[in-house]
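Asks: My questions are about this predicted structure, shown below with the sequence.
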Amino acid sequence: MTQAAEIEAQKIGKKFGGFAALEDVSLTVGRGDFLTLLGPSGSGKTTFLMLLSGFEHVTSGRLLLDGADMTATPAEKRGFGMVFQGYALFPHMTVEENIAFPLKVQKRDPQTIKRRVAQMIEMTGLGGHGHKKPSALSGGQQQRVALARALAYEPSVLLLDEPFSALDKNLREQMQDEMRRIHRETGTTFVFVTHDQSEALALSSRIAIFERGRLQQLGPPREVYERPENRFVAEFLGDINILDAEFDGADARTEGRTLKLAEPTDRKSGHIAIRPEYMTVATAPLDDRNSICGRVTDMTYLGAETRLTLETPGGTPLILHVPTAALPPDAATGAELWASWKAENSFL
Ligand code: ADP
Ligand code: MG
C-alpha cells in the first residue's frame, strides 16, 4: 500500500559548533529495508535520524531520496513518519483524533480519514481504545498510538528513535514482534534507532553500527555478529573471547598450544576471536577441535544455560555459554576444564 523510498547518505558530516557529532558517514537504505542504527549513547544515532528527517541539516555531504538530492529539502516536504522516544501524543485528543491528526493536516476527505484510522487501530492492536485519551492508556498502548499516527498517512520512510526504551522487557519483546509484522505488512522503509544489540539483531534486515560519530560496519545481523570487522563491533554485539596469538599459515600458537585457523593468514601475529556459544566444555581436550584449558573462576546458573568463566594459564578470561544439560558433572569453581571450538567458528 505504501510507496517505499530509498535513501542514500554520501559522506555525511555534522558539527555542533566545533564538535563533530558525525564524520564521513556513507550508507544506503534500500526500498523496504529495516535498517537499525545501533551504537552506544552519544555515538550520533539520533543526530543521523534528525538529518534524515530534515529537522537538522548536514554540515557536509549529500542526502538522496530515490536518487534525487534532498539535502536542502525541509522536513515537511520530505514527509517522513517519525516516532520519538517520548511518544509526543496530543494529551487532549482521543486515540482516534491523534491518529487522524496528520491526515486532517493533509486535508484528506473525511471518508478516507475514517477508513485509515480504523485500519491503523486494527493493525496496531488498539481495538476498543479509540475513544480514550492517552492518559488512560498504558505505556505500550501509547507507543502503539504513536506508531499508528506515524503510519496513518502512508509515509515512504518511517524513522523511529528508541521507541521501546520506556517499556518493560516483556512488552518490548511483544512490540518487537509487532514491529516486524507491521514492517512486513506496510512494506515501508524503516530506519530504527536503538542502543540495545539484541533488539537490533532481532528486528533488522541490516544493522549500521556507530561509534563516536563514525559508521563502523553495515550488514545483515548475522554478518555483523559472526564476522565483525573490528574489535569495537565484535565486543559491542555481545560477549566474545579474544586470544593473542602468533600465526604460521593456518596454525596459531597461543597459551603454549598450536591451534587451527579457519583459513591461512599472511599475518605473523594478532587475535583469534570466538563467540561463547560456539565453545563447548569438557574435562579433556577434543581431538577434532581447537582446545584450550582453563580454571573455572565463575559459574552463573541462568536456567537453560550456565555462564562459565575460565582463566587460561596465560591469564586470559574465557566466557562460555553452556547448555546446563551439557555441563560436565564435576564443573565447579576451581575445576580445570577444556574449552573447545571448531576452527571455522573462529575469526581473526
Ligand atoms: P545518540 O543518539 O547516539 O545517543 P546523539 O546523536 O544524540 O547520540 O549525540 C551525538 C553527540 O552529539 C553527543 O556527544 C551529543 O552531546 C552531541 N549533540 C547532539 N545534539 C547536539 C546539539 N543540538 N548541540 C550540541 N551537541 C549535540
Ligand atoms: Mg539518541
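Replies: Noted; the coordinates are in hand. Numbering: from 1, shown residues only. Ligands and ions are numbered 1, 2, ... in the order given.

Asks: I figured Leu218 hits Ser204, correct?
Replies: No - judged on Cβ atoms under 8 Å, Leu218 makes no contact with Ser204 at a distance of 10.7 Å. Every C-beta, even on glycine, is put in place using the N, C-alpha and C of the backbone.

Asks: Those two: which is more packed in?
Replies: Ser204 (24 against 19; other Cβ atoms under 10 Å).

Asks: How about the contacts made by the more buried one?
Replies: If you count contacts by Cβ atoms under 8 Å, 6 or more residues apart in numbering, Ser204 has them with 34-36, 192, 220-221.

Asks: May I see the ChimeraX selection of the buried members of those residues?
Replies: If you want just the buried ones from the contacts of Ser204 in ChimeraX, going by 16 or more other Cβ atoms under 10 Å, the selection is:
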select :34,35,36,192,221
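
Asks: Ligand 1 next: which of the contacts of Ser204 are close?
Replies: Residues of the contacts of Ser204 in contact with ligand 1 (Cβ under 6 Å from any ligand atom): none.

Asks: In JSON lines: the contacts of Ser204, plus pLDDT and secondary structure.
Replies: Output for these, formatted as JSON lines (pLDDT from 0 to 100; DSSP: H, G, I helix; E, B strand; the rest coil):
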{"residue": "Phe34", "pLDDT": "97", "secondary structure": "strand"}
{"residue": "Leu35", "pLDDT": "98", "secondary structure": "strand"}
{"residue": "Thr36", "pLDDT": "98", "secondary structure": "strand"}
{"residue": "Phe192", "pLDDT": "96", "secondary structure": "strand"}
{"residue": "Pro220", "pLDDT": "98", "secondary structure": "coil"}
{"residue": "Pro221", "pLDDT": "97", "secondary structure": "helix"}
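
Asks: Which strands border the one helix or strand Leu159 maps to, and is each parallel or antiparallel?
Replies: Using DSSP states H and E, Leu159 falls within strand 157-161. Using DSSP bridges, strand 157-161 pairs in its sheet with strand 81-83 (parallel), strand 189-194 (parallel).

Asks: which SS class is Lys104?
Replies: Secondary structure state of Lys104, per DSSP: H, G, I helix; E, B strand; the rest coil, is helix.

Asks: I meant Lys15, not that one.
Replies: strand.

Asks: Quick check: it touching Gly61?
Replies: No - counting by Cβ under 8 Å, Lys15 stays clear of Gly61, with 11.6 Å between them.

Asks: Comparing those two, which residue is more hemmed in?
Replies: The neighbour comparison of Lys15 against Gly61 (other Cβ under 10 Å) goes to Gly61, with 18 against 14.

Asks: Please, which helix or strand holds that one?
Replies: strand 60-65.

Asks: measure the spatially closest residue to Gln216 that is not a sequence neighbour to Ala68 for me?
Replies: Spatially, and ignoring its direct neighbours in sequence, Gln216 is nearest to Ile209 (4.6 Å; Cβ to Cβ, 6 or more residues apart in numbering). As judged by Cβ to Cβ, to the nearest Å, Ile209 and Ala68 stand 28 Å apart.

Asks: I am finished for the moment; much appreciated.
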